[in-house]
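Novice: give me coordinates for this.
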Amino acid sequence: ATGRRTCDGLVFAVSIASGIILKRARLRPMLVMAISFGFFQALMPLLGWIGASFFSHLIESIDHWIAFGILAFLGGRMIMESFKDEIASTSMTYQPEVVLALAVATSIDALAVGVSFAFLGIKQFSAILSPIGIIGFVSFALSMVGLMFGIRFGCGIARRLRAELWGGIILVIIGTKILVEHLFF
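Specialist: From the prediction side, this is the model:
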C-alpha cells in the first residue's frame with residue numbers, strides 16, 4: 001500500500017507542477033496528461049504481473065535508475081527551457097514525447113506492484129483487472145486535481161517565480177528522492 005501512495009503522490013506532484021506551467025485551464029492538454037498518467041499507472045502493474053516470472057529481478061534492480069534518469073532529463077530540459085521564450089517553453093511540457101516520458105517515469109515503480117500481484121499468487125487475468133482499473137482511475141483523477149490545483153494556485157505566482165524553472169527543479173528532486181530511497185532505504 002505504501003508504494004501505491006508514493007506513485008500516486010508522484011503523479012499528483014508532477015501534475016501540480018505541470019498545471020503551474022499551463023497557467024490556464026485547457027481541456028485537451030489536461031485530458032491528454034491525465035489519461036496518459038492513468039493509462040501508464042494501470043499498464044505498468046499489468047506488465048509487471050505478466051513479466052514477473054521472467055524479468056522481476058532485472059526490473060527491481062534498475063527501476064529507480066530509470067525513473068531518476070527520465071525525471072532528471074525532463075527536469076533539466078524544463079530548466080533550460082525556462083530561460084527561453086515563455087510561449088515556447090509553456091508548450092514544451094505538453095509535447096507528446098514529454099507527456100509520454102512523464103507518464104512512464106511516474107509509473108515505473110508500479111511495475112513492482114504487478115510483480116507483487118504475481119508473487120501473491122494471482123494467476124488469472126480477470127483477477128487483476130479490478131485492481132489495475134482502480135489504480136488507473138485514481139491516477140487519472142489525481143492528475144486532473146493536481147493540474148487544476150497548479151493552474152488555480154500557481155497562476156498568480158508563476159510569472160514571478162519562473163514556474164517552469166521550479167517545475168524542472170522539482171522533477172529533478174523527485175527523481176533524486178526515488179533514487180536515494182531505493183539505494184539507501
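Novice: next, count neighbours for residue 111.
Specialist: Neighbour count for residue 111, taken as other Cβ atoms under 10 Å: 24. Placement of C-beta: from N, CA and C, glycine included.
Novice: nope, residue 130 is what I was after
Specialist: Other residues near residue 130 come to 9 when the count uses other Cβ under 10 Å.
Novice: can you check the one 4 residues further on too?
Specialist: For residue 134, the neighbour count with other Cβ under 10 Å is 12.
Novice: how close does it get to residue 77?
Specialist: To residue 77, residue 134 is 32 Å away according to Cβ to Cβ, to the nearest Å.
Novice: with adjacent residues omitted, what lies nearest to residue 69?
Specialist: Using Cβ to Cβ, 6 or more residues apart in numbering and skipping residues adjacent in sequence, the residue nearest residue 69 is residue 175, 7.6 Å away.
Novice: where's residue 112, which helix or strand?
Specialist: Take DSSP states H and E as the rule and residue 112 turns out to sit in helix 110-119.
Novice: what's the next secondary structure element after that helix?
Specialist: Downstream of helix 110-119, the first helix or strand assigned by DSSP H and E is helix 125-161.
Novice: contacts for the next helix or strand after that following helix, please.
Specialist: Tracing the chain past helix 125-161, the next element assigned as helix or strand by DSSP H and E is helix 163-184. Identification of contacts with helix 163-184 by Cβ atoms under 8 Å, 6 or more residues apart in numbering yields 10, 13-14, 17-18, 20-21, 23, 63-65, 67-72, 74-83, 89-90, 93, 105, 109, 154, 157.
Novice: rewinding a little: which elements pack onto the helix holding residue 112?
Specialist: For helix 110-119, the helices and strands in contact under the criterion 3 or more Cβ pairs under 8 Å, 6 or more residues apart in numbering; DSSP states H and E are helix 2-22, helix 27-81, helix 125-161.
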